[in-house]
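# Let's see this in three dimensions:
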Amino acid sequence: MKIVVLDGYAANPGDLCWEGLKALGECTIYDRTAPEEVLERAAGAEAILTNKVVITAEHIAALPELKYIGVLATGYNIIDIDAARARGIIVTNIPAYSTPSVGQMVFAHILNITQQVQHHSEEVHKGRWTNSPDFCFWDTPLIELLGKKIGLIGLGQTGYNTARIAIGFGMKVWAYTSKSRLQLPPEIKKMELDQIFRECDIVSLHCPLTEQTRELVNACRLALMKPTAILINTGRGPLVNEQDLADALNQKKIYAAGVDVLSTEPPRADNPLLTARNCYITPHIAWATTAARERLMGIMLENLKAYMAGKPVNNVAK
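Residues are numbered from 1 along each chain as shown. A predicted model of the protein is given here:
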């Protein structure tokens, strides 16, 4: 079997091993692939693996040998699923591999914002503590999480894991979810979407990107939030209208935002969030801990082996 990895560098920049994949067939691994290079590189492949390289209906039509597409991520909107399904091509994703790491990043942002860790560390290195007349100093509000309300938009595995962490901090957890109230533990209360934006101290996004959720966070919903509220996005960049969020931050309609994802990645230099007040941005690394990437590589192999055995798993093109 001919296997082509179109963009392997993000998942494995060299600290992990491809040997398990190479054992399954003739395997070619590219660090990165430009859109115009897809057809040439994927020609003749029965299986292609992709993280962020888009596979269109045109690609699928031009690759007659293609029978399997493995997405090296949980989200699979980069694949034309209808075209793959029409051809009978198996498309697999990798669910839940990064759940612990993403929950950890949610609270990395929350704790940085509430304790101003980055800011105060920078001020210490500038000499402010050395020159302080007191044994300590702070020049921003320091916010305790106990008793604060966190609203989770989406309660899949990542959202639920985030809820458990929040409960550990003594927070009150609300969720906008398709699950019924009977499916939720007593520590998590089901709420309507606008009520979460109106009443929660922190809103964290954990829903998939669909046409219904695109720009779910916009000027109207931001206007519902408290001026002390914090928005966290470790989901997908297009869940947020970035100009609306920048305006809300700059006009002090909300207190702060912590985001790990943007609508275009890498961001354009004119992205309004890059210069917005109290906007803390990490470069899409919530998923990228070594442990999470090891799980990703393991599940990737199991997905491909299951396909080869005629019993595909994690097939999103059923």
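# quick one: what helix or strand has Ile167 in it?
Assessed by DSSP states H and E, Ile167 sits inside helix 157-168.
# buried sites along that helix?
157-163, 165-166 (16 or more other Cβ atoms under 10 Å). Yep, even glycine has a C-beta here, placed from its N, CA and C like the rest.
# Same check on stretch 203-221?
203-207, 209, 213, 216-218, 221.
# avg pLDDT for the helix holding Ile167?
Here helix 157-168 scores 97 as its mean pLDDT.
# what helices or strands is it leaning on?
Counting by 3 or more Cβ pairs under 8 Å, 6 or more residues apart in numbering; DSSP states H and E, the packing neighbours recorded for helix 157-168 are helix 99-115, strand 149-153, strand 172-176.
# who's in contact with the most centrally placed residue in the chain?
Closest to where the C-alpha atoms of the chain average out (Cα atoms, centre = their mean) is Gly235, at 3.7 Å. Residues near Gly235 by Cβ atoms under 8 Å, 6 or more residues apart in numbering: 154, 205-209, 261.
# Mind checking which of the residues you listed land in strands?
Among the contacts of Gly235, the members falling in strands are Leu205 (criterion: DSSP state E).
# Now the terminal residues of stretch 213-229, how far apart.
Start and end residues of stretch 213-229 are separated by 21 Å (Cα to Cα, to the nearest Å).
# now swap in stretch 76-85 and tell me
With Cα to Cα as the measure, stretch 76-85 spans 13 Å from end to end.
# and for it, what are the contacting residues?
Here stretch 76-85 makes contact (Cβ under 8 Å, 6+ apart) with 50, 52-57, 60-61, 69, 71, 91, 93, 209, 316-318.
# Drop anything exposed from those.
When the contacts of stretch 76-85 are checked for burial by 16+ other Cβ under 10 Å, the buried set is 50, 52-53, 55, 60, 69, 71, 91, 93, 209, 316-317.
# coming back round to it: could you redo the buried residues of stretch 203-221 as JSON lines and give each row distance to Ala286?
Formatted as JSON lines, those follow (distance: Cβ to Cβ, whole Å):
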{"residue": "Val203", "distance to Ala286": "17"}
{"residue": "Ser204", "distance to Ala286": "12"}
{"residue": "Leu205", "distance to Ala286": "12"}
{"residue": "His206", "distance to Ala286": "11"}
{"residue": "Cys207", "distance to Ala286": "15"}
{"residue": "Leu209", "distance to Ala286": "15"}
{"residue": "Thr213", "distance to Ala286": "18"}
{"residue": "Leu216", "distance to Ala286": "19"}
{"residue": "Val217", "distance to Ala286": "17"}
{"residue": "Asn218", "distance to Ala286": "23"}
{"residue": "Arg221", "distance to Ala286": "22"}
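# out of the residues you listed, which are inside helices?
Under the assignment DSSP state H, the buried residues of stretch 203-221 contribute Arg221 to helices.
# which of the buried residues of stretch 203-221 sit farthest apart?
Using Cβ to Cβ, the buried residues of stretch 203-221 span at most 17.8 Å, a distance reached by His206 and Asn218.
# Other residues contacting stretch 179-194?
Contact with stretch 179-194 is made by 151, 153, 155, 163, 167, 172-177, 199, 216, 221, 224, as judged by Cβ under 8 Å, 6+ apart.
# Among those, name the buried ones.
Buried among the contacts of stretch 179-194 (16+ other Cβ under 10 Å): 151, 153, 155, 163, 172-177, 199, 216, 221, 224.
# Go ahead and measure how far stretch 241-260 is from the middle of the chain.
How far stretch 241-260 lies from its chain's middle: 18 Å, per Cα atoms, centre = their mean, to the nearest Å.
# Quick one: end-to-end distance for it.
For stretch 241-260, the first and last residues are 15 Å from each other (Cα to Cα).
# just to revisit the earlier point, return the most buried member of the helices and strands packed on helix 157-168.
strand 149-153 (a mean of 25; mean count of other Cβ atoms under 10 Å).
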